[in-house]
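Student: my questions are about this predicted structure, shown below with the sequence.
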Amino acid sequence: MNGVRKVTEDLYWVGVNDKRIELFENIHPIPEGVSYNAYLLLDEKTVLFDTVDWSGCRVFLENIAAVLDGRKLDYLVVNHMEPDHAASLEEVLIRYPECKVISNEKAFMFMRQFGFDVDGREDTVKEGDTRCFGKHTVTFLMAQMVHWPEAMVTFDTTNGVLFSADAFGSFGSLDGRLFDDEVNFDRDWIDNARRYFTNIVGKYGPFVQQLLAKAKTAPIKMFCPLHGPVWRTNLGYYLDKHDKWSRYIPEENGVMIVYASMYGNTESAAQALAAQLCEKGVTNVRVYDVSKTHVSYLVAEAFKYSHIVLASVTYNLNIYPVMEDFLHHLKVLNLSKRVFGIIENGSWAIKSGSLMEQYIDENLKDCKILNARMTINSSANRSNASELDALSDAIVKSVAIEEKAFEQRVIDDAAFAEEEARKAAFKKLSAKERMALMREKHRQEKGEA
């Protein structure tokens, strides 16, 4: 028995699900587990695209054997050398001694660093190289720093499948439902996908943009990532999400309030601000305790929302440690283009507000800090009412300004999508049809003149 799924006529998912793992990369909680995806192509030659984590090796090898059904394995394409995808590489080579390994020079260097013996079995490829396996021809595209330097993607020009390595992936195990149209993605998957991207790939937005530019030139019909669902419908939706995440553009015009509170007084101010914002019409508000919520979730929400309010007690004349850690993660992952509000608290020598502002100014690009700061001496009381009003008013005004920018981006994105669709349709025309269309356009322009 196995959990193999058919992807296309001659392509099979032979990956595994891991529900026992608690921490991805031993740092990010994944209560819903994760999938390690691998794919096997049955053509005149048989081709395996990537392997899986060591924890799933036995099931993975059984899946391969079931699909091959006695055939030998001719090629293993290694798109990404991170151990959660490459740990089973040597086991595959031991079981299939005639198998050749297709990858790039940097990946082969990593194989040797990890102790894999691939001497005499290498087939080294570079940007734009192709290989034909019979009916299927694939093109190799380098995807450096998405999110390792050796990463590449493989595009099957025959059926439009992009084997996208760690791009377009997600946390979460598949539970038998392999395809995006078999799940309710907005309800059950988008938060996992966002948290995966922002924490794993988020630092490398410019490199993701380079990969997206390559993707736009290829007639892709399906994304086959190394984690999460296979995308065969509504690819534009997922591309748009990755475009926004990798350009550090907020998905939503809303407010994330993050508080660091020792005895509940700073928390009370954060909750009072949330209530006042909702009363003033800004209802897209989320409040988080930075000490209770794992930083990977906070990072994902910071990528999602346009406005972030930091409410921190002063601790040893510094920012509260877990709040400082949150800010450090935002710096490391290159978050930018956000509007910040500040609430500070302390019983003496209140420093947290100025220190948080300084950190944002020095480390987060293209960010704005609202002038209306709320300062609390031990606990908020009536004397803080005017400061709370001023801060909430400043946020409401800023959200309104951002709303106009959001509306314009929607218009611009729609116009861009329409133009891209027009270009794609034009490319599909025959040379004769293109000439006829150009003549008609010229005739119309001449008539208007």
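Tutor: Happy to help now that I have it. Numbering: from 1, shown residues only.

Student: look through the protein and tell me its longest strand.
Tutor: strand 305-315 (DSSP state E).

Student: let me see the ranges of the helices in the stretch 151-300 of the chain.
Tutor: Here the stretch 151-300 of the chain has its helices, by DSSP state H, counting those that start in this stretch, at 185-188, 190-196, 205-216, 235-247, 265-279, 295-304.

Student: now the shortest one: buried residues?
Tutor: Of the residues in helix 185-188, those with enough neighbours to count as buried (16 or more other Cβ atoms under 10 Å) are Phe185. Just so you know, the C-beta spots here come from the backbone N, C-alpha and C atoms, and that holds for glycine as well.

Student: run through who's touching that helix.
Tutor: Outside helix 185-188, the residues that touch it by Cβ atoms under 8 Å, 6 or more residues apart in numbering are 172, 193, 229.

Student: on that earlier part again, each with direction, which strands does the helix or strand that the longest strand of the chain is followed by pair with?
Tutor: Going down the chain from strand 305-315, the next helix or strand is strand 318-319, by DSSP states H and E. Here strand 318-319 is paired, per DSSP bridges, with strand 305-315 (antiparallel).

Student: with adjacent residues omitted, what lies nearest to the residue nearest the centre of the chain?
Tutor: Residue closest to the average C-alpha location in the chain (Cα atoms, centre = their mean): Phe197, at 2.3 Å. Nearest residue to Phe197, sequence neighbours excluded (Cβ to Cβ, 6 or more residues apart in numbering): Trp245, at 5.2 Å.

Student: how about Asn199?
Tutor: Leaving aside its chain neighbours, Asn199 sits nearest to Ser296 (4.8 Å; criterion: Cβ to Cβ, 6+ apart).

Student: so what's the residue count around the one you found?
Tutor: 20 (other Cβ atoms under 10 Å).

Student: wait, what's in contact with it?
Tutor: 27-29, 195, 199.

Student: how about a cut-off of 10 Å?
Tutor: 23-24, 27-30, 171, 195-196, 198-200, 329 (Cβ atoms under 10 Å, 6 or more residues apart in numbering).

Student: which of those count as buried?
Tutor: Using 16+ other Cβ under 10 Å, the buried ones in the contacts of Ser296 are 24, 28, 30, 171, 195-196, 198-200, 329.

Student: which one of the contacts of helix 185-188 has the most neighbours?
Tutor: Pro229 (26 neighbours).

Student: now it: how far from Phe223?
Tutor: Separation of Pro229 from Phe223 (Cβ to Cβ, to the nearest Å): 9 Å.

Student: now swap in Asp289 and tell me
Tutor: The value you get for Asp289 to Phe223, if Cβ to Cβ is used, is 36 Å.

Student: and the two? which has more neighbours close in?
Tutor: Higher neighbour count among Asp289 and Phe223: Phe223, with 23 against 14, using other Cβ under 10 Å.

Student: and that one, what pLDDT?
Tutor: Here the pLDDT value assigned to Phe223 is 98.

Student: one step back: tabulate the buried ones among the contacts of Ser296 (JSON lines), appending pLDDT.
Tutor: Formatted as JSON lines, these follow (pLDDT from 0 to 100):
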{"residue": "Phe24", "pLDDT": "98"}
{"residue": "His28", "pLDDT": "98"}
{"residue": "Ile30", "pLDDT": "98"}
{"residue": "Phe171", "pLDDT": "98"}
{"residue": "Arg195", "pLDDT": "99"}
{"residue": "Tyr196", "pLDDT": "98"}
{"residue": "Thr198", "pLDDT": "98"}
{"residue": "Asn199", "pLDDT": "98"}
{"residue": "Ile200", "pLDDT": "98"}
{"residue": "His329", "pLDDT": "99"}
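
Student: taking those one by one, which sit in strands?
Tutor: Counted as lying in strands by DSSP E, out of these, are 24, 28.

Student: give me the domain ranges for the protein.
Tutor: For the chain, the structural domains run 5-247, 252-400, 403-448, going by automatic domain parsing.

Student: in JSON lines: the contacts of helix 185-188, plus pLDDT and distance to Gly56.
Tutor: Shown next, in JSON lines, are these (pLDDT from 0 to 100; distance: Cβ to Cβ, whole Å):
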{"residue": "Gly172", "pLDDT": "98", "distance to Gly56": "15"}
{"residue": "Ala193", "pLDDT": "98", "distance to Gly56": "21"}
{"residue": "Pro229", "pLDDT": "98", "distance to Gly56": "17"}
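
Student: skipping adjacent residues, who's closest to Thr8 in space?
Tutor: Spatial nearest neighbour of Thr8, excluding adjacent residues (Cβ to Cβ, 6+ apart): Asn159 at 5.5 Å.

Student: which residues touch the one you found?
Tutor: Applying Cβ under 10 Å, 6+ apart to Asn159 gives the contacts 7-11, 41, 135-136, 221-222.

Student: one more: Val290?
Tutor: Counting by Cβ under 10 Å, 6+ apart, Val290 has contacts 258-261, 298, 310-312, 320-327.

Student: from memory Val201 sits against Asp166, does it?
Tutor: Yes: here Val201 reaches Asp166: they are 6.6 Å apart, a contact under Cβ atoms under 10 Å.

Student: so what sits against both of those two?
Tutor: Common neighbours of Val201 and Asp166, counting by Cβ under 10 Å, 6+ apart, are 146-147, 151.

Student: between the residues you listed, which sits nearest Ile369?
Tutor: Ile369 lies nearest to His147 out of the shared contacts of Val201 and Asp166, by Cβ to Cβ, at 29.8 Å.

Student: how far away is the residue nearest to the closest one when sequence neighbours are not counted from Gly264?
Tutor: In space, His147 comes closest to Val201 once its chain neighbours are excluded; the distance is 4.7 Å by Cβ to Cβ, 6+ apart. From Val201 across to Gly264, the span is 37 Å (Cβ to Cβ).

Student: more crowded one of those two?
Tutor: Set Val201 next to Gly264 and count neighbours by other Cβ under 10 Å: Val201 wins out with 23 against 11.

Student: tell me the two of the contacts of Val290 that are most distant?
Tutor: Among the contacts of Val290, Ser261 and Leu327 lie farthest apart (Cβ to Cβ), at 16.3 Å.

Student: for these two, indicate the residue with more neighbours.
Tutor: Counting neighbours by other Cβ under 10 Å for Ser261 and for Leu327 shows that Leu327 has the greater number, 23 against 20.

Student: report the contact partners of the more buried one.
Tutor: By Cβ under 10 Å, 6+ apart, the contact set of Leu327 is 258, 290, 302, 310, 312, 319, 335, 355-356, 359-360, 363-364.

Student: the host helix or strand of it: how far from the chain's middle?
Tutor: Element membership of Leu327 [criterion: DSSP H and E] is helix 321-332. Centroid separation for helix 321-332 versus its chain: 20 Å, with Cα atoms, centre = their mean, to the nearest Å.

Student: tell me the buried residues in that helix?
Tutor: For helix 321-332, the buried set under the neighbour-count rule, 16+ other Cβ under 10 Å, comprises 322-324, 326-327, 329-331.
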